[in-house]
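Asker: What follows is a predicted protein model with its sequence.
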Amino acid sequence: MRCLTALAAALAAGCVSTRPADPTIFSVLPGTWAWENNSEFGCDGNSQAISFTRDKKVMLLKYKDESKEQEIPAHAVRYRVLQSEPHLRMAIEGEKRTTPAGDPVVWEVVMLGPDRFCWHRTDWEPDGCTAAAIRCPVANGAK
């Protein structure tokens, strides 16, 4: 009886914690990202904002400034989401690059931690990855 009384008191006081929902790639990835050790594309340079459409079928990657790199077609890049487990796998809409087999390039986001990821092309070796992208600090408390 004493245990039930203590449990009732804890519930009434709000002392019982609930387990937060497990984070998904769709809740972890949105934000502003930059290439690690790259001042031109760093947090103070041409960083990139990542977001998803409400239906999670498209990821949007928007550069702060129009990219000077030829491989990036425009200020905003749209990725069609192909799968989300075990890695987020996507294809750039309008992708012109192809694999050695002639297929359009497909990209995976490989999370290296909550604030770090790399890009992996599906035609690369399993452990092949780009340089790491790092999460930029949130400025002035904005999200």
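Answerer: Here it is on my side, so go on. Residues are numbered from 1 along each chain as shown.
Asker: Can you show me the helices along the protein?
Answerer: According to DSSP state H, the chain carries its helices in the segments 2-13, 25-28.
Asker: Could you list the low-pLDDT ranges of this structure?
Answerer: 1-22, 66-75, 139-143 (pLDDT under 70).
Asker: most centrally placed residue in it?
Answerer: In the chain, the centroid-proximal residue (Cα atoms, centre = their mean) is Leu29; its distance is 2.7 Å.
Asker: need the contact list for the closest residue to that residue other than its chain neighbours.
Answerer: Leaving out its chain neighbours, the residue that sits closest to Leu29 by Cβ to Cβ, 6 or more residues apart in numbering is Ile50, at 5.5 Å. Where C-beta positions appear, they are placed from N, C-alpha and C, glycine not excepted. Ile50 makes contact with Leu29, Pro30, Gly31, Thr32, Trp33, Met59, Leu60, Leu61 under the criterion Cβ atoms under 8 Å, 6 or more residues apart in numbering.
Asker: can you give me the strands for this protein?
Answerer: Shown for the chain, the strands assigned by DSSP state E span residues 31-35, 48-52, 58-63, 76-83, 88-92, 107-113, 116-121, 133-135.
Asker: helices and strands around the fourth one, which ones?
Answerer: Read it as strand 76-83. strand 58-63, strand 88-92 (3 or more Cβ pairs under 8 Å, 6 or more residues apart in numbering; DSSP states H and E).
Asker: How about residues contacting that strand?
Answerer: 52, 56-63, 88-93, 106-107.
Asker: Equivalent analysis for stretch 99-114, please.
Answerer: Contacts for stretch 99-114 (Cβ under 8 Å, 6+ apart): 23, 25, 28-29, 79, 82, 87-92, 95, 97-98, 117-123, 129, 132, 135.
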